[in-house]
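A.B. asks: Starting from these lines, generate the structure:
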Amino acid sequence: MNKILVLILSILMITSVSALDFEISSKPIKDKITLEDLAEFEITISNTGDFQKSFSMRTMDFPIWDVYTKPVINPITVDVDSGESETIRLFVDPLHVTNIGAFDVNVRIKEDATQDFKIIPLRVAVVSQGSLIGGYVPTVTATIDMENEITPSNNIPISVTIKNQNPLVYDELTVVVESNLINEEVVTELGAKEEKTFNIEVELDSEIEPQKDTILLSIKRGNQTITGPLTKSYNIISYNDLIENIQPVKKILRLDTIIKYTNKGNVEYEGEQRFETTFFKSMFTSTKPKGVLVTEDEIRYYTWDISLIPGETGGIIVSENYLPFIIILLLIGLVLGLYYVFRKPFTISKVAAQVISREGGIGEMKIVITLKSRGKIKLKEIEVADRIPNIADIERELTIGTLQPTKILKHEAKGSILKWNVDILDVGEERVISYRIKPILTIVGDLTLPPVTASYILKGKKYKLRSNTLTINPK
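C.D. replies: Sure thing, here's the model as predicted:
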């Protein structure tokens, strides 16, 4: 089968071809023959180089056609001196030609030293007895133009040009374009010396596997093939065409994004796919299959490695579920609500202030007790009690504070017990009780004082409350 280069040369090179440092020309002696006859051509080789060259020639269309010399030279070779030309008569034999019509027999002439070669087409008209029309052999040339590499996802444009070489009129010609993958026919008429071009769009299966294919172009007049078959080789190339389909499905407090990938290519697809998200969304997002969360250029993505054979479809589900978040918020709200409903109506705290150090230890300090209302009703009959260990004494002068204790009791084991009565504590009111204590001896290290206790009556029921334990460090 001939390649496109041969076909182009057969049109452009009518009588001579020239390139490099040798030239080739042909002259038809007998180019109209029957199937039992031989065509004859004179081939002239001109050496334009600086040295003698040896050339060999053979046909590229064997075993359909054969070429030889008389007497027979096998292989056909000729030596040409620098600046000289040699002519050899070549006989063209239609070994296995079964149709009549016009044929280009391609002869390759190679310079043996450099392996450079040129191809010349020898046009032979094969006729049958009585097949001449108006004294002319039916001669229609044809060319085919298309890309050498084809991606099957797109329609294949094929351009076919036919040209009538004689002043004959054809009422009906059939242009046949066929291969393993293509089968197209165009019926047309062709006037004398007329040239026509047909543009054919061929649709292939987008998933057809990569392969080589060869188109055969023939022109038929009735049942008689008058041109061809001419050949054009091309490649179906490998390609990937991943189609993405995204379908959001909304539910209550949930969004499922269903992503489907379909490999419309003709080879296996392997690659990484991404789905953009945010930090907040990622806290409530799950994926199936499980994706890898990455950050790139401050943008967060879920990524997956996908492998799909031609025609295969794969799916990914990204679920943003905010229901647990809402439930957590509701639980927090419920806890806070219960806390505000059932919390104590006031707080009591105990702190130390104005701590004076002596001889590396605690020498004197002020104790501040704070009562703060946080309820919605007034509190009555609040009794506050605090205890001072035996290691310290109360200063009974003005340092006791604004609210005087109602009782100060001494206990041999528990120490001094101070009690205050607060008749009313208004809503939002804060009451401060303070007094000063002085250790009997300088205390080296931490001093821990017990919590303050308080009791109050609310809606006829008595409740008790404790403050924090106070630890004092002399540093």
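
A.B. asks: from here on, contacts and neighbour counts on C-alpha atoms
C.D. replies: OK.

A.B. asks: where does the stretch 301-450 of the chain have low pLDDT?
C.D. replies: 340-342, 396-402 (pLDDT under 70).

A.B. asks: now with 90?
C.D. replies: Within the stretch 301-450 of the chain, the ranges that satisfy pLDDT under 90 run 306-312, 315, 320-329, 333-384, 386-450.

A.B. asks: residue nearest the centroid of this structure?
C.D. replies: Nearest to the geometric centre of the chain sits Q273, at 5.1 Å (C-alpha atoms, centre = their mean).

A.B. asks: Wait, it touches L293, no?
C.D. replies: No - Q273 is not in contact with L293 according to C-alpha atoms under 8 Å; the separation is 11.9 Å.

A.B. asks: intersection of neighbour lists for those two?
C.D. replies: Common neighbours of Q273 and L293, using C-alpha atoms under 8 Å, 6 or more residues apart in numbering, are T303.

A.B. asks: Helices of the chain, residue ranges please.
C.D. replies: Secondary structure of the chain (DSSP state H): helices at 4-12, 279-282, 323-342.

A.B. asks: what helices or strands is the last one leaning on?
C.D. replies: For helix 323-342, there is no helix or strand it packs on, judged by 3 or more C-alpha pairs under 8 Å, 6 or more residues apart in numbering; DSSP states H and E.

A.B. asks: Can you point out the buried residues in that helix?
C.D. replies: Buried residues in helix 323-342, counted by 16 or more other C-alpha atoms under 10 Å: none are found.

A.B. asks: That helix: how far from the chain's middle?
C.D. replies: Here helix 323-342 is found 44 Å from its chain centre; the criterion is C-alpha atoms, centre = their mean, to the nearest Å.

A.B. asks: For it, report the contacting residues that lie outside it.
C.D. replies: By C-alpha under 8 Å, 6+ apart, the list of residues contacting helix 323-342 reads 252-254, 284.

A.B. asks: Tell me what I433 is bridged to.
C.D. replies: I369 (DSSP bridges).

A.B. asks: right, and it touches P405 too?
C.D. replies: No - I433 lies out of contact with P405 (C-alpha under 8 Å); the separation is 9.1 Å.

A.B. asks: Outline the domain layout of the chain.
C.D. replies: With automatic domain parsing as the criterion, the domains of the chain are listed as 4-126, 140-236, 242-323, 346-472.

A.B. asks: which non-adjacent residue is nearest T406?
C.D. replies: W420 (5.2 Å; C-alpha to C-alpha, 6 or more residues apart in numbering).

A.B. asks: Neighbours of the one you found, how many?
C.D. replies: Neighbours of W420 under the rule other C-alpha atoms under 10 Å: 18.

A.B. asks: check contacts around it.
C.D. replies: Counted by C-alpha under 8 Å, 6+ apart, W420 has contacts 383-385, 403-407.

A.B. asks: Okay, and which of these map to strands?
C.D. replies: Members of the contacts of W420 lying in strands (criterion: DSSP state E): 383-385, 407.

A.B. asks: which of the residues you listed count as buried?
C.D. replies: 383-385.

A.B. asks: Take these and lay them out in TSV including distance to G222.
C.D. replies: Below are these laid out as TSV (distance: C-alpha to C-alpha, whole Å):
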residue	distance to G222
E383	125
V384	124
A385	125
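
A.B. asks: just those now: which is nearest G101?
C.D. replies: V384 (126.6 Å; C-alpha to C-alpha).

A.B. asks: starting at the chain centroid, how far to stretch 435-449?
C.D. replies: 74 Å.

A.B. asks: Check what contacts that stretch and list those residues.
C.D. replies: Counting by C-alpha under 8 Å, 6+ apart, residues outside stretch 435-449 touching it are 358-368, 387-389, 391-395, 399-401, 469-474.

A.B. asks: From those, keep the buried residues only.
C.D. replies: Buried among the contacts of stretch 435-449 (16+ other C-alpha under 10 Å): 361-368, 387-389, 392-394, 400-401, 470, 472, 474.

A.B. asks: contacting residues around the residue nearest to I64 when sequence neighbours are not counted?
C.D. replies: Leaving aside its chain neighbours, I64 sits nearest to H96 (4.7 Å; criterion: C-alpha to C-alpha, 6+ apart). Counting by C-alpha under 8 Å, 6+ apart, H96 makes contact with 63-65.

A.B. asks: Those residues into a markdown table, with extra columns for neighbour count and pLDDT?
C.D. replies: Below are these laid out as a markdown table (neighbours: other C-alpha atoms under 10 Å; pLDDT from 0 to 100):
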| residue | neighbour count | pLDDT |
| --- | --- | --- |
| P63 | 11 | 90 |
| I64 | 14 | 91 |
| W65 | 16 | 93 |
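
A.B. asks: export those residues to JSON lines and tack on distance to I236?
C.D. replies: Shown next, in JSON lines, are those (distance: C-alpha to C-alpha, whole Å):
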{"residue": "P63", "distance to I236": "28"}
{"residue": "I64", "distance to I236": "28"}
{"residue": "W65", "distance to I236": "30"}
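
A.B. asks: Many thanks, we can stop here.
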